[in-house]
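Colleague: what shape does this take:
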Amino acid sequence: MLTTQLPGFKDPVHGAQQTFRALLDALARPGILQTTASLTPPEGLKPSCAAACLTLLDLETTVWLQPGISESVRSWLLFHTGCRFTTEPQTADFAVINDVETMPRLDEFNWGTAEYPEASTSLLIQLPALQGTGSAVLQGPGILDTITIPAPLHTDFWRQWQEMTANYPLGLDAWCFAEQQVLGLPRTAHIAGR
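Modeller: Coordinates of the predicted model:
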C-alpha cells in the first residue's frame, strides 16, 4: 500500500478536536498524560505523534524531520497536511524527533524573539514509552507543587532544558509521544529547586 493511501483520522473533525484538546491539556498540565485520537500512521510515526501532526500542520507550517525518519513519513505528511519541509532546525515551526539521543541541542532550534516569543519551534519528541529512567522533577504554572516527569529523557536534555527556561519567555514548547499518549513540556516548566 502506498504511504499516501494510509488514511488520516477516521473522523477528521472529531479526531482533530480530540487531539487538539489533548495537546492543549498536556501543555496546561505538564506531566499529566493525555490521549489523542487514534489512527494508523506510516512506519516511523507513533500514532499520537501522527495525530498531532495532522492537527497542527498545514500549508503555512515548516517542518524539520530528524534525519533517519523515513521518506514515507515525509510523503504522508505532505499528502495529508501540505506542510513545507526544511533541513535547518532553526527555521522550523515544528520539529519531529524520533531519537532523543541524537537530536540537535535545544539551542539549535528557534526560541522566538522578544517581540514574538510564540514564533519558536515546537518539538514533537517520539519516545519508546512515557516512563523510564531519566526522569526530572518540574515546577511551574499548571503544576500544583512539583511533578516527576517519568519520560526517558537523558540528563543532558534536562540540563539544556534548565538553561533554556532561564531565558523565558524565549524557549521551546515540547510534547513527548508514545503510542496513543502525549505528555507536555511547556517552556514555563523548570527543574524544581533551581
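Colleague: residue 162 against residue 189, yeah?
Modeller: No - applying Cβ atoms under 8 Å, one finds residue 162 not in contact with residue 189, separated by 10.4 Å. C-beta: built from backbone N, CA, C; applies to glycine.
Colleague: can you tell me how far residue 35 is from residue 181?
Modeller: Counting by Cβ to Cβ, to the nearest Å, the gap from residue 35 to residue 181 is 6 Å.
Colleague: what do the two both touch?
Modeller: residue 48 (Cβ atoms under 8 Å, 6 or more residues apart in numbering).
Colleague: between residue 162 and residue 189, which has more neighbouring residues?
Modeller: Comparing residue 162 with residue 189 by other Cβ atoms under 10 Å, the one with more neighbours is residue 189, at 24 against 14.
Colleague: low-confidence ranges, this structure, go.
Modeller: By pLDDT under 70, the weakly predicted segments of the chain are 1-5, 134, 194.
Colleague: find the nearest non-adjacent residue to the residue most central in space within it, please.
Modeller: Closest to where the C-alpha atoms of the chain average out (Cα atoms, centre = their mean) is residue 124, at 2.0 Å. Distance criterion Cβ to Cβ, 6 or more residues apart in numbering; nearest residue to residue 124, sequence neighbours excluded, is residue 96 at 4.9 Å.
Colleague: check residue 80 too.
Modeller: Take residue 80 and drop its neighbours on the chain: the residue closest to it by Cβ to Cβ, 6+ apart is residue 8, 4.9 Å away.
Colleague: residues contacting the one you found?
Modeller: By Cβ under 8 Å, 6+ apart, residue 8 lies in contact with 15, 39, 54, 80.
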